[in-house]
Structures are given as C-alpha cells and as structure tokens.
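Chemist: sequence below, structure please.
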Amino acid sequence: MYNPDQHYQAHTLHLKELSEQAEQRRMIAALPQHRHAPVRAAGRRLGVLLVTLGTWLARSAQRDEQPA
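Modeler: As a prediction, this is how the structure comes out:
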C-alpha cells in the first residue's frame, strides 16, 4: 500500500544525500588552491630575494667603477 509519509521521508533523505555530495565536491574543489598556496608564497619570496640581490650587486658594481 502506498504511504505518502514514507515517500516524503525517502525523498527528503535523497535530497540530504545530494546536498552532502555537493558539499563534498565543493570541499574537494577547494583543496588544490590551498595545496599550491605555500609554493606560490615561496616563489614570491624567492623573487623578492633575487631582485634585492640583483640590486645590491648592481650598486656594488657602480661603487667599484667610481674613481676614488
């Protein structure tokens, strides 16, 4: 015999499962962004260090070329 309450409960359970699956997919999709963040930050720091070193070397070369 058809029971509307059971049908409603099954439908509600199905919607809850779909919602949980969508949330899991959102969380998984967000992971790669966070995984690469430390690498990008380290790359930026290395870039700043290299620019600073290059500037310092250029200034040192100019000081060496100036007549005393």
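
Chemist: for this protein, which segments count as helices?
Modeler: Along the chain, counting by DSSP state H, helices occupy 4-65.

Chemist: where does pLDDT dip in it?
Modeler: Low-confidence segments of the chain, defined by pLDDT under 70: 33, 68.

Chemist: rerun that using 90 as the cut-off
Modeler: For the chain, the stretches with pLDDT under 90 are 1-4, 28-38, 63-68.

Chemist: number of nearby residues for residue 43?
Modeler: Here the count is done by other Cβ atoms under 10 Å, and residue 43 has 11 residues near it. (C-beta placed from N, C-alpha, C; glycine too.)

Chemist: could you check how far it is from residue 62?
Modeler: The gap separating residue 43 from residue 62 is 29 Å, by Cβ to Cβ, to the nearest Å.

Chemist: repeat for residue 28
Modeler: Taking Cβ to Cβ, one finds residue 28 at 53 Å from residue 62.

Chemist: for residue 47, same thing?
Modeler: Separation of residue 47 from residue 62 (Cβ to Cβ) stands at 23 Å.

Chemist: distance from stretch 45-58 to the middle of the chain?
Modeler: 26 Å (Cα atoms, centre = their mean, to the nearest Å).

Chemist: do stretch 37-50 as well
Modeler: For stretch 37-50, the distance to the chain centre is 14 Å (Cα atoms, centre = their mean).

Chemist: before we move on, what about stretch 42-62?
Modeler: Remark: stretch 42-62 is offset 27 Å from the chain centroid, using Cα atoms, centre = their mean.

Chemist: 25 is where my numbering starts, stick with that
Modeler: In the new numbering, first residue 25, that becomes stretch 66-86.

Chemist: kind regards, and thank you for your time.
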